[in-house]
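Asks: What would the 3D arrangement of this be:
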Amino acid sequence: MAGRRKKRSPVTIGIIALVVALLALFLGFTKDIPFTHGYELKAQFESANAIRPNSPVRIAGVEVGKVKRVEPLQGTDAAVLVLELKRAALPIHEDATAKIRPRIFLEGNFFVDLKPGSPGSPDIPSGGTLKITQTATPVQLDQVLTSLQSDSREDLKAVLDGLNTAFNDRSTDQSGRHETASRSFNRALDDIPAGERSTAIVLQALLGTEPDRDLARLIRGTAATADALDRNEGALQDLITNLNLTTATFAGESDNLRRSIRELAPTLRNANAAFTSLNDAFPPTRAFAREILPGVRETPATIDAAFPWIEQTRKLVGKPELGGLAEELSPATRDLAKLIDRAEQLLPQTDLAAKCVRDVVLPAGDLVVHDEFNDGAENYKEFFYALVGIAGEGQNSDGNGMYVRFQTGGGTHTVSLGSKSSSSGQLFGNDVEVPLGNRPAYPGRRPPYNPTFPCYKNPLPDVNGPAAARSLPPGTASTARVSGSRDWLRRQADLAAVRAKLKPFARRRSAETKAK
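Replies: Presented below is the predicted three-dimensional model:
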């Protein structure tokens, strides 16, 4: 019949049956869907002697996978376990840990106890690795017995004997109690509630302000510290040796240590007060930090804007500008420094001279001389009046310059002015009458000269003292003669001044004559 199906050959049926059998066998042993792979996690262990492939992997007692294979870690004695996990075990975080633990007696062998880590930590992708610092292996009984060798057993016996002596020996403490250390320790248990409260406060503080993150960071930091200690085993041994020496030193200084411990309570009270002040200062500090943030954000722009100014300033202070000017001014600066040093000697003398002018010279010039020519004017004005008179008398001039005509007087009395040692020499004249004297009166000797006595401390001169021993009272008949003598003396003084003025011209005239 045309509709009858064609029979399959026995070979085809045999091939199909073989494929189905192989597929069932594969699924039975691998328990995986063909062409798919589960999540794999690698974990490094110091030793994997107690674990075998197909050993279970558990999370919180629930089996979530198995050990797929055990591989050696190249270059070390450690091993790498390749764990195949189910989807229910995911996610596995970077801070996950794994330990090899023994199973119960009836189960036998060991299993891998896996802790997936904290949710805030990043996930480990399939094929990731847990480092050896995040894994641990069980301690076997033979390892414990091996570690307790004869020396260790003797040390352990000595420790136990020391503890027995420490707890059972009776001694008298500072409070006068005579009891064993164990009884003192029992009494110390009464203080445990307060200590536990303090411990709770410390543990609460260890959580930080963000418990989910701060505690995780603390644990990671502790793990990093433990890893560093593991890598530096020799340094750790030295640390323990030094700790033994330090402990022995503390034992030798027990009295000082006891006094220091007594001071801890007041120190803690002061520290608490300081911490309270710090806590009070933190809110303003945070507010200041928030207020300063805009300025801090603008700091980069400010620095960028300052670069052109800094560049111009660098050019300004360079050698072509201010740098060269400063180099040129350095000699003047040295001279100025010398001038200042010399001024330290000059200024005190200038100050003394100014005081002399202020306290002696100027007040003396303001005195009025009350003589027969008294006009009520200060004596410094009379000096300028004389200059005006000399200028009026010296109006005549010739080729040699200005000259003054003087007419000598006659008389039977010779009068001398000046001295032989003066620049003008000693001058002589004749007077009709005997001069009555001079004012102030000549004391008969030169007044003493003391160059160390300050000028400004000298008393003012007495310009209205007695004229001479032969002075006559005003209004007598000799007044006219006195006036004449005074005029003659003035003319002689004016003549001496004119001669001193004309002396340079005379010298120049003499030199020209000799040259001819």
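Asks: now the strands: where do they sit in this structure?
Replies: Along the chain, the stretches classed as strands by DSSP state E are 39-45, 56-59, 62-72, 79-85, 97-102, 110-115, 129-130, 135-136, 170-172, 178-180, 397-398, 401-402, 413-417, 427-431.
Asks: And these: which comes nearest residue 240?
Replies: Relative to residue 240, the nearest member of the strands of the chain by C-beta to C-beta is strand 135-136, separated by 21.8 Å. Where C-beta positions appear, they are placed from N, C-alpha and C, glycine not excepted.
Asks: Distance check, residue 234 against residue 132.
Replies: Distance, residue 234 to residue 132, using C-beta to C-beta, to the nearest Å: 19 Å.
Asks: So if I had to pick from these two, which one is more boxed in?
Replies: Residue environment comparison for residue 234 versus residue 132 gives the larger neighbour count to residue 132, 18 against 7, counting by other C-beta atoms under 10 Å.
Asks: Tell me which residues touch the closest residue to that one other than its chain neighbours, please.
Replies: Using C-beta to C-beta, 6 or more residues apart in numbering and skipping the chain neighbours, the partner closest in space to residue 132 is residue 44 (4.2 Å). Applying C-beta atoms under 8 Å, 6 or more residues apart in numbering to residue 44 gives the contacts 73, 78-80, 129-132, 135.
Asks: Where neighbours are concerned, which of those has the most?
Replies: The most crowded member of the contacts of residue 44 is residue 130, carrying 24 neighbours; neighbours defined as other C-beta under 10 Å.
Asks: what about this structure, any weak spots by pLDDT?
Replies: Low-confidence segments of the chain, defined by pLDDT under 70, span residues 1-8, 11, 24-37, 104-108, 139-152, 170-178, 206-212, 405-409, 437-442, 465-516.
Asks: and the longest helix for the chain?
Replies: Of all segments of type helix in the chain, defined using DSSP state H, the longest is helix 264-316.
Asks: that older thread, tell me the bridge partners for the residue nearest to residue 132.
Replies: Beta-bridge partners for residue 44, by DSSP bridges, are residue 80.
Asks: any idea how far it lies from residue 265?
Replies: Look at residue 44 and residue 265: by C-beta to C-beta, they are 49 Å apart.
Asks: re earlier: format the contacts of residue 44 as TSV; extra columns: distance to residue 401.
Replies: TSV is the format used below for those (distance: C-beta to C-beta, whole Å):
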residue	distance to residue 401
73	124
78	124
79	129
80	126
129	121
130	122
131	118
132	120
135	124
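Asks: most centrally placed residue in this protein?
Replies: When the chain is reduced to its mean C-alpha position, the nearest residue by C-alpha atoms, centre = their mean turns out to be residue 285, at 21.3 Å.
Asks: hang on, the earlier thing: any chance of the strands of the chain in JSON lines, plus distance to residue 356?
Replies: Conversion of the strands of the chain to JSON lines gives the following (distance: least, C-beta to C-beta, whole Å):
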{"stretch": "strand 39-45", "distance to residue 356": "102"}
{"stretch": "strand 56-59", "distance to residue 356": "109"}
{"stretch": "strand 62-72", "distance to residue 356": "110"}
{"stretch": "strand 79-85", "distance to residue 356": "107"}
{"stretch": "strand 97-102", "distance to residue 356": "100"}
{"stretch": "strand 110-115", "distance to residue 356": "103"}
{"stretch": "strand 129-130", "distance to residue 356": "101"}
{"stretch": "strand 135-136", "distance to residue 356": "102"}
{"stretch": "strand 170-172", "distance to residue 356": "92"}
{"stretch": "strand 178-180", "distance to residue 356": "96"}
{"stretch": "strand 397-398", "distance to residue 356": "39"}
{"stretch": "strand 401-402", "distance to residue 356": "34"}
{"stretch": "strand 413-417", "distance to residue 356": "28"}
{"stretch": "strand 427-431", "distance to residue 356": "31"}
